[in-house]
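Peer 1: Below are the sequence and a predicted model for it; my questions follow.
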Amino acid sequence: MDQVEHIAAYLYNRYCILYGQKLDEMKLHKLLYLLQREALAFYNRPLFNESLLGWVHGPVSLEVRSVFYRIENFSVPISLQARILIDSVLKQYGNRQSLDLCHLTHMETSWKNSRKSMQKNEIGTAPLKISDIAKDAKKIQPFDTDWGCFFEEHADVDR
C-alpha cells in the first residue's frame, strides 16, 4: 500500500503535466478523497492507510498538508493500481474547480458523518471512516470507466 504523501506527490505532478498548471492545495485534498473512494469501489480496499479529516471545506490529509509546499519536488514510485486510479480520477474530476469538488465532497456520507458533532465553521478533528467512504463508493459504477486507455498508457510497467 502506498503512503498518502507519495500518492499526493504523484497526483500533483501528474496534474501539472496533464493540465499545464499547478494544483492548489484544496483541490489536491478533495482529489485524494476521491481516489480513496474509487479504490474502495474498484479494488475493495483503501489506496492508503492515513486518515482524512472532516474539515469545513471537505476532507483533508494532515500528512499531505504538512508537506504540500515541498510536494512538487517529491519523486517516489507508486503502484500501478494507484497510477491507474489517479489517471481515472483526473480524467473525471481534474478540470473541475476546487470549490466544485468541495461541494461534491459535502454531499458524501463520510464527510457528513465526520462533521456530526461539529459547529459549521469548526476545523474538525474527526476522521472520515473507511466504512463510510465504502458506503459512498457504492454509488460508483466500475464499468463506466474505459480502463483500456489507462492500461495502454501504462503498458511499459510490469503488472
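Peer 2: All right, it came through fine. Bear in mind the structure is a predicted one, so any value in this text is a computation, not a measurement.

Peer 1: make it CA atoms for all contacts and neighbour counts henceforth
Peer 2: Noted.

Peer 1: Output the contacting helices and strands for the longest helix along the chain.
Peer 2: What stands out as the longest helix in the chain, according to DSSP state H, is helix 25-42. The contact analysis (3 or more CA pairs under 8 Å, 6 or more residues apart in numbering; DSSP states H and E) places helix 25-42 against helix 4-19, strand 58-60, helix 80-93, helix 98-106, helix 130-137.

Peer 1: which one of those lies closest to Tyr33?
Peer 2: Closest of those to Tyr33 is strand 58-60, at 6.4 Å (criterion: CA to CA).

Peer 1: gap between the closest one and the chain center?
Peer 2: 10 Å (CA atoms, centre = their mean, to the nearest Å).

Peer 1: Now for the spatially most central residue of the chain: which residues touch it?
Peer 2: Geometric centre of the chain, nearest residue: Leu32, 1.6 Å, by CA atoms, centre = their mean. With contact set as CA atoms under 8 Å, 6 or more residues apart in numbering, Leu32 has these partners: Ala8.

Peer 1: so what pLDDT did it get?
Peer 2: Model confidence at Leu32, expressed as pLDDT, equals 98.

Peer 1: Distance of it relative to Pro59?
Peer 2: Distance, Leu32 to Pro59, using CA to CA, to the nearest Å: 8 Å.

Peer 1: just Tyr15 next, same as before
Peer 2: Tyr15 is 19 Å from Pro59, where distance means CA to CA.

Peer 1: Of the two, give the one with the bigger neighbour count.
Peer 2: Pro59 (27 against 21; other CA atoms under 10 Å).

Peer 1: So that one sits against Lys112, correct?
Peer 2: No: at 10.2 Å, Pro59 does not count as touching Lys112 under the criterion of CA atoms under 8 Å.

Peer 1: pLDDT below threshold where in the protein?
Peer 2: In the predicted model of the chain, residues 141-159 satisfy pLDDT under 70.
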